[in-house]
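*Asks:* I would like the atomic coordinates for the input below:
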Amino acid sequence: MLRLLINKLGDPVKKIASQASYLIMQLLANHPAMKEIVVAAIDTDFMFKPGQTTHARYYAAVTLNQTALSVKEENVAVRLLGIYFALFKALLKPREESEHTQKIRSQTRHQRQRKLAASMPSTEQDDELREKLISAVLTGVNRAYPYCGTDHQSFDDHIDTLFQITHSANFNTSIQAMLLIQQLMSTTSAPTDRFYRILYESLLDPRLVMSSKQQLYLNLLHRSLKADLSSKRIKAFVKRILQILSLQEPSFICGAFFLIKDLEKTFPSLATMIDQPEDHEDDQEVFKDVDEEANATETAKQDKPEIPKGYDAYKRAPEHANADGSCLWELIPFLAHFHPSVNISAENIINHTALSGKPDLTLHSMIHFLDRFVYKNAKASSDSKMRGSSIMQSSLQGLPTY
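*Replies:* This is a model prediction of the structure:
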């Protein structure tokens, strides 16, 4: 019966597959001791069956990532992680050319164009389902990882797989992958510089503007930057964050300001990017004297120090962007922003005062601002004493006013 129930996860009718997943969850809720048996059955008899569809694997992954775990079920958590990473490897393999595609290539140009046009919607649906499967697997990894203990197999072999997922076509999936890598960095030997380089690059992703996970992305930035030890890298991140805010909605801008203000508590040197000017002219004079001394001998010429460069926004690695010698000029346009919360927050950052309100994006959205503007109580009129003084209103004297 268990084998038949699990097999229904691959039913082409979504309602039946969803009902099968629900019944499996009810089974595990009533018989918690069967978790390892059910997980093993999905692993060996269903998930990696030859020719298994992405649709079936998606419902199986959703069933697995909803499995409730406890500290005493470390074996189940480790088994789940093995399934998830095996799925990752299968999904990231280059897809082989199907027989249907080979037949299309052998046809004439006009026939090929008609066939490809007809197959476009199904291809887009497959890609969308594939991204949903990756997202479901990442959710499962995040939920199973805390219950694996300290003696489980190292994640070093799977780090490259997670870094490949950060370049996914779906930006929300990339955020989930970066969240997992950030979580793994505290317990494994995950490459820190590589992670911060990808996170630094993700700030320029145009899909961030329309992403539905902006709050989650800001939380990722907050956790990652608070855990960093390089002040030069933090300054480069703050510089780039302010550079992209001109394209964002007021809610995201306010959330980023709260992030920057909180980073100042951990990295007080961020205040120098506002208080201290960029002193490039003095640097030129100092190194001019050094050049005159270096011209004395040929050996001194070889040891001549290089003049420090300014901020380079095109550097891939944030620690090499030389942001520590620059100022936060990007804050100035927000002093004249149309949204009052953005305007006030920018002033508070420059004046080093606390930000008012809460770091909740919904409280600073345009809809919330317009609602407050429309439903705000009108102020009492200053000319209330003049009411009824005109000839047309003389008959209304003595009556209550509203």
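*Asks:* who's in contact with L5?
*Replies:* By C-beta atoms under 8 Å, 6 or more residues apart in numbering, the contact set of L5 is 20, 23-24, 27. (Each C-beta comes from the backbone N, C-alpha and C, glycine too.)
*Asks:* which sections of the stretch 51-200 of the chain are below the confidence cut-off?
*Replies:* Under the criterion pLDDT under 70, the flagged ranges of the stretch 51-200 of the chain are 93-124, 150-157, 169, 187-190.
*Asks:* 80 instead, please
*Replies:* Counting by pLDDT under 80, the low-confidence segments of the stretch 51-200 of the chain come to 89, 91-127, 148-159, 161, 168-170, 184-191.
*Asks:* The stretch 201-350 of the chain too?
*Replies:* 279-309.
*Asks:* For it, just list every one of the helices.
*Replies:* 214-226, 231-244, 250-266, 272-275, 280-294, 298-302, 340-351 (DSSP state H, counting those that start in this stretch).
*Asks:* Please identify the most buried of those helices.
*Replies:* Mean neighbours per residue, mean count of other C-beta atoms under 10 Å, is largest over those for helix 231-244, with a mean of 22.
*Asks:* ok, residues contacting that helix?
*Replies:* 196, 200, 203-204, 208, 221, 225, 228, 256, 259-260, 263, 267, 269-270, 273, 311, 313, 315, 318-319, 321, 323-324, 326, 328, 330-331.
*Asks:* if we go to 6 Å?
*Replies:* Here helix 231-244 makes contact (C-beta atoms under 6 Å, 6 or more residues apart in numbering) with 203, 225, 228, 256, 260, 267, 269, 318-319, 321, 323-324, 330.
*Asks:* Equivalent analysis for stretch 167-176, please.
*Replies:* The contact list for stretch 167-176, computed with C-beta under 6 Å, 6+ apart, reads 131, 134-135, 138, 166, 207, 211, 213, 216-217.
*Asks:* In CSV, list the C-alpha atoms belonging to it.
*Replies:* The C-alpha coordinates for stretch 167-176 follow below in CSV (Å, rounded to 0.1, in the frame of the first residue of the first chain):
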residue,chain,number,x,y,z
HIS,A,167,23.4,31.6,-11.1
SER,A,168,19.9,30.2,-11.6
ALA,A,169,17.5,31.8,-14.1
ASN,A,170,15.1,32.4,-11.2
PHE,A,171,16.4,35.1,-8.8
ASN,A,172,14.3,33.8,-5.9
THR,A,173,16.0,30.4,-6.2
SER,A,174,19.4,32.2,-6.2
ILE,A,175,18.5,33.9,-2.9
GLN,A,176,17.6,30.6,-1.3
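*Asks:* So which of the contacts of L5 wins on neighbours?
*Replies:* For those, the largest neighbour count, defined by other C-beta atoms under 10 Å, is 25 neighbours, found at I24.
*Asks:* That one: which element?
*Replies:* helix 14-30 (DSSP states H and E).
*Asks:* Could you list every helix and strand in contact with that helix?
*Replies:* The contact analysis (3 or more C-beta pairs under 6 Å, 6 or more residues apart in numbering; DSSP states H and E) places helix 14-30 against helix 54-65.
*Asks:* what about 7 Å?
*Replies:* Here helix 14-30 touches helix 2-7, helix 35-42, helix 54-65, going by 3 or more C-beta pairs under 7 Å, 6 or more residues apart in numbering; DSSP states H and E.
*Asks:* most tightly surrounded among the ones you listed?
*Replies:* That would be helix 54-65, which, of these, has the most neighbours on average (mean count of other C-beta under 10 Å), namely a mean of 22.
*Asks:* helices or strands next to whichever helix or strand comes after that helix in the packing?
*Replies:* Sequence order places helix 74-92 as the next helix or strand after helix 54-65, per DSSP H and E. On a contact count with 3+ C-beta pairs under 7 Å, 6+ apart, helix 74-92 meets helix 35-42, helix 54-65, helix 109-144, helix 159-165.
*Asks:* Tell me which of these lies nearest to L363.
*Replies:* Minimum separation from L363 across these (C-beta to C-beta) falls at helix 109-144, 27.1 Å.
*Asks:* before we move on, back to that, I'd like to know which of the contacts of helix 231-244 are buried.
*Replies:* 225, 228, 256, 260, 267, 318-319, 321, 323-324, 330 (16 or more other C-beta atoms under 10 Å).
*Asks:* Switch these over to CSV; also include distance to S186.
*Replies:* Output for these, formatted as CSV (distance: C-beta to C-beta, whole Å):
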residue, distance to S186
L225, 14
D228, 12
A256, 24
I260, 23
F267, 19
P318, 20
E319, 20
A321, 25
A323, 25
D324, 26
E330, 31
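*Asks:* Looking at the residues you listed, which one is closest to E347?
*Replies:* Minimum distance to E347 across the buried ones among the contacts of helix 231-244 is 13.5 Å, recorded for I260 (C-beta to C-beta).
*Asks:* quick one: that closest one and A346 touch, right?
*Replies:* No. With contact defined as C-beta atoms under 7 Å, I260 does not reach A346; the gap is 10.3 Å.
*Asks:* ok, and the closest non-adjacent residue to F46?
*Replies:* I6 (5.1 Å; C-beta to C-beta, 6 or more residues apart in numbering).
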